[in-house]
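# A structural model of the following input is requested.
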Amino acid sequence: MARSSICFAECPKKTGLPREVVKWLQTLDLAFYPKNVRRDFSSGYLVAQIFSHYYPRDFSLHSYDRGTSLSAKQWNWSQIERSLEKRNLYLKKEAIDGTIHCKPGAAELLVLEVYTILTKGRYVEPDFTDEEYQNLLPSLARSTASKAIKNNLTATEIKAAPDISTNQRKAQNILRRHHEHKAAERILNPGRSSMIKCWVLVACSGNVYQETVTSSCCLHSSCFKNTAYIQVAIKINGFF
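Predicted structure coming up:
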């Protein structure tokens with residue numbers, strides 16, 4: 001007896017977007033459906049196409065670049081911002097920057113923000129760090145200080161704003177959050193001593209700079225008191 005074969009359409013991969021937002025995107029007849037939200041929205045072309053369905057006169061797609069280079073992305077997003085400004089509409093700068101530089105969760109939250117603007121929906125405030133992922137890991141498997149910066153400060157982000165003080169400030173904010181998490185871990189796991197020594201490479205224009213930052217890390221046990229040495233090297237035209 002011949003066996004009948006049944007063919008099923010391939011199920012779409014999880015996009016990280018709410019079901020109602022996915023359905024909304026499917027009604028827009030986009031040039032291609034975003035299978036990888038972080039990658040496919042990074043250039044801004046799909047975002048321009050979404051807005052063109054609502055404001056066709058303000059968003060002429062032939063003026064947008066479908067490339068994936070940093071310059072193409074910056075060009076597209078600057079046009080999007082200018083077109084939205086004409087209608088007194090604004091996307092959060094940190095959401096745009098996070099999407100351009102493929103920060104975790106940034107593109108998803110930007111799409112939610114676009115959805116909010118165009119449909120009067122709701123969305124949550126953006127957080128483009130890997131904090132949620134790190135919290136799922138055992139403490140010994142979590143990132144070191146240098147790895148935390150590598151995970152949360154991308155090469156394209158540095159290239160887009162090659163300013164020493166700006167990138168130092170970003171790195172310091174990441175280190176501050178990292179040390180706050182470590183301090184919380186020490187409260188939960190008293191008596192554990194650790195020494196943090198890391199190199200942080202930040203691409204900037206100019207010569208090679210090196211800065212050493214020290215901070216005291218008092219452990220719960222009165223027997224230990226270590227100093228964490230964080231050596232920050234700022235290096236030109238080099239990336240992690």
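
# pLDDT below threshold where in the protein?
For the chain, the stretches with pLDDT under 70 are 1-15, 121-168, 170-172, 174, 177-240.

# mind running it again at 50?
Along the chain, segments meeting pLDDT under 50 span 1-13, 124-126, 128, 133, 137, 140-141, 193-240.

# domain ranges for it?
Split into domains by automatic domain parsing, the chain comes to 19-119, 136-236.

# does anything pack onto the one helix or strand Leu109 maps to? Which helices or strands?
Per DSSP states H and E, Leu109 falls inside helix 106-119. With contacts taken as 3 or more C-beta pairs under 8 Å, 6 or more residues apart in numbering; DSSP states H and E, helix 106-119 sits against helix 19-26, helix 37-40, helix 45-54, helix 93-100. The C-beta positions use only the backbone N, C-alpha and C, and glycine is treated the same way.

# neighbours around the spatially closest residue to Ala107 that is not a sequence neighbour, how many?
Counting by C-beta to C-beta, 6 or more residues apart in numbering, Phe41 is the residue found nearest to Ala107 once chain neighbours are left out, at 4.2 Å. Using other C-beta atoms under 10 Å, Phe41 has 22 other residues around it.

# and Phe41, backbone torsions?
Here is the backbone geometry of Phe41 (degrees, to the nearest 10): phi -90, psi -10.

# doesn't Val111 make contact with it?
Yes - at 6.4 Å, Phe41 counts as touching Val111 under the criterion of C-beta atoms under 8 Å.

# now for those two: what residues contact both?
Common neighbours of Phe41 and Val111, counting by C-beta atoms under 8 Å, 6 or more residues apart in numbering, are Val47.

# coming back round to it: how about the helix holding Leu109 as CSV, C-alpha atoms only?
Provided in CSV are the C-alpha atoms of helix 106-119 (Å, rounded to 0.1, in the frame of the first residue of the first chain):
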residue,chain,number,x,y,z
ALA,A,106,17.5,46.5,19.8
ALA,A,107,15.9,45.8,16.4
GLU,A,108,12.9,44.1,18.1
LEU,A,109,12.3,47.1,20.3
LEU,A,110,12.7,49.5,17.4
VAL,A,111,10.1,47.6,15.4
LEU,A,112,7.8,47.8,18.5
GLU,A,113,8.4,51.5,18.6
VAL,A,114,7.5,51.8,14.9
TYR,A,115,4.5,49.7,15.5
THR,A,116,3.5,52.0,18.4
ILE,A,117,3.8,55.1,16.3
LEU,A,118,1.8,53.7,13.4
THR,A,119,-0.9,51.8,15.3
